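*Asks:* sequence and predicted structure are below.
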Amino acid sequence: MAIHQTALVDPAANIDPSVEIGAYSVIGPNVRIGADTTIGPHVVIEGHTTIGSGNHIFQFASIGAAPQDKKYAGEPTQLSIGDNNTIREFVTINLGTVQDGGITRLGSNNWIMAYVHIAHDCQLGDNIILANNATLAGHVHLEDWVFLGGFTSVHQFCRIGAHAMTAFTAAVSQDVPPFVTAAGNRAAPAGINSEGLKRRGFSSDQIAAIKRGYRIVYRSGQPLEEAKASLQQEEQNSPAAAPYLKQLREFIDASPRGIIR
């Protein structure tokens, strides 16, 4: 274990011997850190926080601090971070609250750029990119492969579906379905994330079918219930893309806040 002599690591913390901890960092007693994780200088990690292996946390990050929620009364809520995440300078990630599931989660292989805020009870999947100054209010859910542009702000309890993206300074106040690009304040649909889908190996036929699904929801003029029925028909017409069209339809069907439209 390579711990700088100026770092303050509580003896009760569970730190893998391969972890590196930089100068003046502070690690609390209820922290667990997995193998091959690097903690830069001036990082504070506190609370009941579990961090997996292969992560790189840059200087001045605040990980596992108390929620910014006036209802929080010191309950032993949690933060769980997976493997192989990059967490850049001045990122803040808070613990969960008992008003939700009691835990904030960040999956694996995520790229979290400088000054990002991930509030209490957020649930983030894998392979997500949050550009500088993206801000997630409490209880936000991001599915796998989401990309949020710089200065994006997401209202509490919003959900953003897999492979969706937002433009610079988008203000998201309703759910963003999978594959959809959102832009503006308030965020509105602006096509699908076709370039991201190409990079992830989606075929041209699959992307074309997802575009047809987008047009059904956003360009056909159908009421939402009719649009969902049309999506189901499109699943039958496009078997290669059927799982993705189903994913889009089921996300819309399960949206408690309603989707951007």
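*Replies:* Noted; the coordinates are in hand. Numbers count the residues shown, from 1 in each chain.

*Asks:* now the helices for the protein?
*Replies:* Using DSSP state H, the helices assigned to the chain run over residues 194-199, 204-218, 224-237, 242-253.

*Asks:* what number of residues are in the vicinity of the residue nearest to Lys198 when sequence neighbours are not counted?
*Replies:* Leaving out its chain neighbours, the residue that sits closest to Lys198 by C-beta to C-beta, 6 or more residues apart in numbering is Ile207, at 7.0 Å. Where you see a C-beta, it was placed from the backbone N, CA and C, and this is true even at glycine. Around Ile207 there are 19 other residues, counting by other C-beta atoms under 10 Å.

*Asks:* measure Ile207 to Ser194 for me?
*Replies:* Between Ile207 and Ser194 the computed distance is 6 Å (C-beta to C-beta, to the nearest Å).

*Asks:* what's the burial count for Tyr24?
*Replies:* The local packing of Tyr24 (other C-beta under 10 Å) involves 15 other residues.

*Asks:* re the thing from before, could you dump the helices of the chain to a markdown table with mean pLDDT?
*Replies:* Output for these, formatted as a markdown table (pLDDT from 0 to 100):
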| stretch | mean pLDDT |
| --- | --- |
| helix 194-199 | 97 |
| helix 204-218 | 98 |
| helix 224-237 | 95 |
| helix 242-253 | 97 |
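
*Asks:* closest one to Asn30 among those helices?
*Replies:* helix 242-253 (35.2 Å; C-beta to C-beta).

*Asks:* now do the closest one: everything it contacts.
*Replies:* Helix 242-253 is touched from outside by 159, 161-162, 175, 177-179, 202, 206, 209-210, 213, 217, 224, 227-228, 231-232, 234-236, 238, 259, with contacts defined as C-beta atoms under 8 Å, 6 or more residues apart in numbering.

*Asks:* ditto for stretch 74-82
*Replies:* Here stretch 74-82 has contacts from 30, 47-52, 55, 63-64, 66-67, 93-98, 102-110, 120, 126, using C-beta under 8 Å, 6+ apart.
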